[in-house]
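[1] Need the 3D shape of this:
(one chain, ligands or ions: 1)
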Amino acid sequence: MEKLDGKKLSSQIKNEIKQDIDKIRSEGGNIPHLVAILVGHDGASETYVRNKEKACIKTGIKSSVLRFEADISEKDLLSEVAKLNNDSDVDGFIVQLPLPDHINEQRIVEKIKPDKDVDGFHPVNIGRMTLGMPAYISATPFGILTLLKRYNIKTEGKHVVVLGRSNIVGRPVSILLGQKATPGNSTVTLCHSRTENLKSITASADILIVALGKAEYVTADMVKQGAVVIDVGITRVKSGKTKSGWKLLGDVNFDDVAPKCSHITPVPGGVGPMTIVALLHNTVAASKQEIYKHQHRP
Ligand code: GUN
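    Numbers count the residues shown, from 1 in each chain. Prediction:
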């Protein structure tokens, strides 16, 4: 069994991005600038945004965070998004989710200009991705594809089973791996809460991608001998054994499942760190206008 070490790989990719940024700087080019909008004080969101900022600093990408109180109106938040759309100093931006209940997330996401939508959440980017056109691919699916690619895991002709059909992980990763591309060319089965005979499907997976948000849901009896298992889950649970008082659990019962796998991602240190480098990659692509070359900013 080989661990897919997202921590080590993400650190290597951050070095590659840093070299690219150093070169841009030495040539007097445009240093990519990422902005994150953070509304309220949700603990997990604060951590995500802080980790994104740290990664930007490490690579030399310019990063800013715009903070707003949880009672900001939807109208005011829409106008902040419009400002960033029109700010030529900003290459890409994200609105950290979830947003407070009185704000319609979809309305906010749809307001982001697709060529600055480095989260890849806008329907235009999701549509383009689905058609196999150049698009910003959202961080988790991009991170999973990068892990598979850099570890030379063959996906062609393989049966990929995805557990979970969310718009930001399960559905896009199922679309991407079914496409005529590398990684890709897989036969994909997308399973969800209504799937019947789940165990018989997961047990036939060459590659099992789990994005359910249910701690330690997948056990050894659900996994084929020699499978590749990608665990996207992160559930924070109380723990008496850690300094912070918390520990993170994946959707896969690691100790039970790992002995059966050819490769498996740990939690933490698997998919998580890869998502951050995906966002950095998209930000650099935005600054180089690689996805929407034909579009000119004001
Ligand atoms: N909340 C959890 N994951 C993400 C993400 O990738 N992007 C944004 N904007 N919010 C999130």
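[2] List phi and psi for the residue of the chain found nearest the ligand.
    Going by CB to the nearest ligand atom, the ligand is nearest to residue 97 of the chain, at 3.7 Å. In this view, the C-beta of every residue, glycine as well, is placed from N, C-alpha and C. Backbone geometry at residue 97, expressed as degrees, to the nearest 10, gives phi -110, psi 150.
[3] Isn't it up against residue 104?
    No - with contact defined as CB atoms under 8 Å, residue 97 does not count as touching residue 104 (11.9 Å).
[4] Show me the beta-bridge partners of the nearest residue to residue 286 once chain neighbours are set aside.
    Using CB to CB, 6 or more residues apart in numbering and skipping the chain neighbours, the partner closest in space to residue 286 is residue 92 (3.9 Å). Here residue 92 shows beta-bridge partners residue 34, assigned using DSSP bridges.
[5] From residue 155, how far off is residue 92?
    28 Å (CB to CB, to the nearest Å).
[6] quick revisit: enumerate every residue touching the residue of the chain closest to the ligand.
    45, 105 (CB atoms under 8 Å, 6 or more residues apart in numbering).
[7] Likewise for residue 104?
    residue 74 are the contacts of residue 104 under CB under 8 Å, 6+ apart.
[8] what about it, distance to residue 256?
    Note on residue 104: its distance to residue 256, by CB to CB, is 41 Å.
[9] can you check residue 13 too?
    30 Å.
[10] Looking at these two, which is more packed in?
    Neighbours were counted for residue 13 and for residue 256 using other CB atoms under 10 Å; residue 13 has more, 22 against 15.
[11] okay but the more buried one is in contact with residue 149, surely?
    No - Residue 13 sits out of contact with residue 149 when judged by CB under 8 Å, with a separation of 11.0 Å.
[12] where does the residue nearest to residue 286 land on pLDDT?
    For residue 92, the pLDDT comes out at 98.
[13] residues near it, how many?
    26.
[14] what's it in contact with, if anything?
    With CB under 8 Å, 6+ apart, residue 92 has these contacts: 32-35, 116-118, 282-283, 286-287.
[15] repeat for residue 166
    Taking CB under 8 Å, 6+ apart, one finds residue 211 in contact with residue 166.
[16] Next, it: secondary structure please.
    Recorded secondary structure, residue 166: coil (DSSP: H, G, I helix; E, B strand; the rest coil).
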